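> based on what follows, work out the 3D shape:
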Amino acid sequence: MTKFWNNISKFPRFLFSVIAGFFLTTFYTIFELLKEKNKRLITSIIIIIFTCIMGLILRQMLGIK
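Sure, this is the predicted structure:
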């Protein structure tokens, strides 16, 4: 039973490392695209459009006017 509680106590650290790894690998590719001048404008426009669409979808789902 001690082994079980030992594993449970390690879970928050594992969860944090998985979430941090996800965001680091996701944003690394975006930052690499932003380094190139010819792709900077297109990447910025895509990010802005994606953010706006997600905002609109969430407002519609939550009923916020």
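
> hey, which helix or strand in the chain has the poorest pLDDT?
helix 2-35 (a mean of 90; mean pLDDT, DSSP states H and E).

> which elements pack onto it?
Counting contacts by 3 or more Cβ pairs under 8 Å, 6 or more residues apart in numbering; DSSP states H and E, helix 2-35 is packed against helix 37-62. C-betas here are computed from N, CA, C, even on glycine.

> in the helix it packs on, what counts as buried?
Using 16 or more other Cβ atoms under 10 Å as the test for burial, helix 37-62 gives Thr43.

> and stretch 15-33, by the same measure?
Here stretch 15-33 shows no buried residue, counting by 16+ other Cβ under 10 Å.

> quick one: residues in contact with it.
By Cβ atoms under 8 Å, 6 or more residues apart in numbering, the surrounding residues in contact with stretch 15-33 are Lys39, Arg40, Thr43, Ile47.

> Throw these into CSV and include pLDDT, thanks.
As requested, the contacts of stretch 15-33 are exported to CSV (pLDDT from 0 to 100):
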residue, pLDDT
Lys39, 87
Arg40, 89
Thr43, 87
Ile47, 90
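
> reformat these into TSV and put distance to Lys10 next to each item.
Shown next, in TSV, are the contacts of stretch 15-33 (distance: Cβ to Cβ, whole Å):
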residue	distance to Lys10
Lys39	41
Arg40	41
Thr43	38
Ile47	35
